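Asker: got a predicted structure plus its sequence, pasted below:
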Amino acid sequence: MQLGKFVKFRKEQFGGVLFETRSEKVFTLNETGAAIIGELVAGAEPATIADRLRARFQDPDNTLENDVAALIAELQSKGLLAESPPA
Amino acid sequence: MSAATDAAAPESAALGAPLYIAWQITNECNLACLHCIEESGPGKAFPDELSDEQVFGVLRQIVEMDIPYLSFSGGEPMLHPRFFDMVAYVCDHGVQLKVETNGNYLDPDACDRLKLLGVKAVQVSLDGASAATFNRMRVRGDFDRTVAGIRNLRDAGVPIEINYCPSSFSVREAERTVDLAAELGAESFYSGRTMYTGNAVKTWQKLTPDEDQYTVLFDLLRRKSRDYAGRMRVHFHEMGLLEELRYRVQHPAALLIVLPNGLVKLINALPFVCGDLRTQSLAEIWHNFRRAWRDPRVTQYVDDLAHDAKTTAQLHRWISV
């Protein structure tokens, strides 16, 4: 999974932003969302992201895995994430 | 806990850096268009345009601040002697770049270079669907050469955007212009209202569409937006300048306008300058930008526009805030 061709990600104090430069639309991410995208951009497999983030975020209700899946699905539906090309 | 996204843009005050820089890299132009807001033309380069060292210093700061999106315009940006070096630097460092050109210099070799360098898109101004109309608006322009340039972009595989500035004598060709843009392979088509500033101040009477023409134009663009859905995005700003500025005073876009001499404007449609890249860093200017939008002179200027819409004739008398 990777960012769409025309999508740029930047971390911010409040979390992060995704900028889709074809439509010039900006999407705001909260801290958790930005951490998930940061992991994806760094090359992490989606299935491993929740475990990687548990060291940084409290997850008392055990929702992080669902949050990761939901965010990825949402961003895919908006065309902001795309499948990585085969290695 | 949730990992939310919000489709609303963040307030610029919350951002550590701009999201977009629109850089007019030179005021020199081979054309002298009737509506040019920059009053560009042959021999119209500013005497104090940034040196090569200053230009690449600014580009370095753009990369260091992780600014995702940049456009080069002018004047005619392809006339800048270091144009391709600047494009290469930007694209090599992962910044997405749009080039806004009049299309005159888009020969096959230039288009191949732009493709190879990886520009996000090239936006070409196409203010009509016939030589008679286009050449009247774009003084010294050549419709056939511009269309050939757009075809060269298409053949090279460079994403194309078309900008259409309406005039009283071109609106009757608006539909054909949209269709021509699609036929030429454009991904996006942009239009809006002609601004009363720059050269348009002198040509306003014969240039500007009346409200009835604008109504017909925007109805047409709404229809075209539906017709071309999924093939070409048709964007247009129906909002009048005053309405837009009132919104921007409350919600400044995270966008800096850089002039050829390094002065940085709050927004094109206001005369206010919030920094000078010859003497200040981009980070300092960004800090000042966020403060400057709250300067009472900015609000006052926008309020005054409600009483005298022709205040925009003075946009080139820059005011530091």
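Answerer: All right, it came through fine.

Asker: right, is the strand or helix carrying residue A:74 up against chain B?
Answerer: Using DSSP states H and E, residue A:74 sits in helix A:64-77. Yes: using Cβ under 8 Å from any Cβ of the partner chain, helix A:64-77 reaches chain B at A:64, A:67, A:68, A:70, A:71, A:74, A:75. All C-beta atoms are positioned from the backbone trio N, CA, C, and that covers glycine.

Asker: show me which of those residues are buried.
Answerer: A:64, A:67, A:68, A:71, A:74, A:75 (16 or more other Cβ atoms under 10 Å in any protein chain shown).

Asker: returning to what we had before: does anything pack onto the helix holding residue A:74? Which helices or strands?
Answerer: In terms of contacts (3 or more Cβ pairs under 8 Å, 6 or more residues apart in numbering or on different chains; DSSP states H and E), helix A:64-77 is packed against helix A:31-41, helix A:46-53, strand A:81-82, strand B:5-6.

Asker: and the ones you listed as CSV, adding mean neighbour count?
Answerer: Formatted as CSV, these follow (neighbours: other Cβ atoms under 10 Å in any protein chain shown):
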stretch, mean neighbour count
helix A:31-41, 21
helix A:46-53, 16
strand A:81-82, 18
strand B:5-6, 18
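
Asker: find the nearest non-adjacent residue to the residue in chain A positioned nearest to chain B, please.
Answerer: When scored by Cβ to the nearest Cβ, chain A has residue A:8 as its residue closest to chain B, at 3.4 Å. Spatial nearest neighbour of residue A:8, excluding adjacent residues (Cβ to Cβ, 6 or more residues apart in numbering or on different chains): residue B:68 at 3.4 Å.

Asker: separation between that neighbour and residue B:220?
Answerer: The gap separating residue B:68 from residue B:220 is 33 Å, by Cβ to Cβ, to the nearest Å.

Asker: neighbour count for these two, which is higher?
Answerer: residue B:68 (24 against 17; other Cβ atoms under 10 Å in any protein chain shown).

Asker: how many neighbouring residues does residue 62 have?
Answerer: You didn't pick a chain, so chain A it is. So residue A:62, with other Cβ under 10 Å, has 10 neighbours.

Asker: ah, no, chain B please
Answerer: Neighbour tally, residue B:62, other Cβ under 10 Å: 24.

Asker: distance check, it against residue A:85.
Answerer: 28 Å.

Asker: again, but for residue A:73
Answerer: 20 Å.

Asker: more neighbours, these two?
Answerer: Counted by other Cβ under 10 Å, residue A:73 and residue A:85 do not tie: residue A:73 has more neighbours, with 11 against 6.

Asker: ok, that one - contacts?
Answerer: By Cβ atoms under 8 Å, 6 or more residues apart in numbering or on different chains, no residues touch residue A:73.

Asker: just the helices in the stretch 101-250 of chain B please.
Answerer: For the stretch 101-250 of chain B, the helices defined by DSSP state H, counting those that start in this stretch occupy B:108-117, B:131-137, B:143-156, B:174-183, B:200-207, B:211-227, B:241-250.

Asker: nearest approach to chain A belongs to which of those?
Answerer: Nearest to chain A among these is helix B:211-227 (13.2 Å), distances taken as Cβ to the nearest Cβ.

Asker: name the residues of that closest one that are buried.
Answerer: Residues B:213, B:214, B:217, B:218, B:220, B:221, B:224, B:225 are the ones in helix B:211-227 that count as buried (16+ other Cβ under 10 Å).
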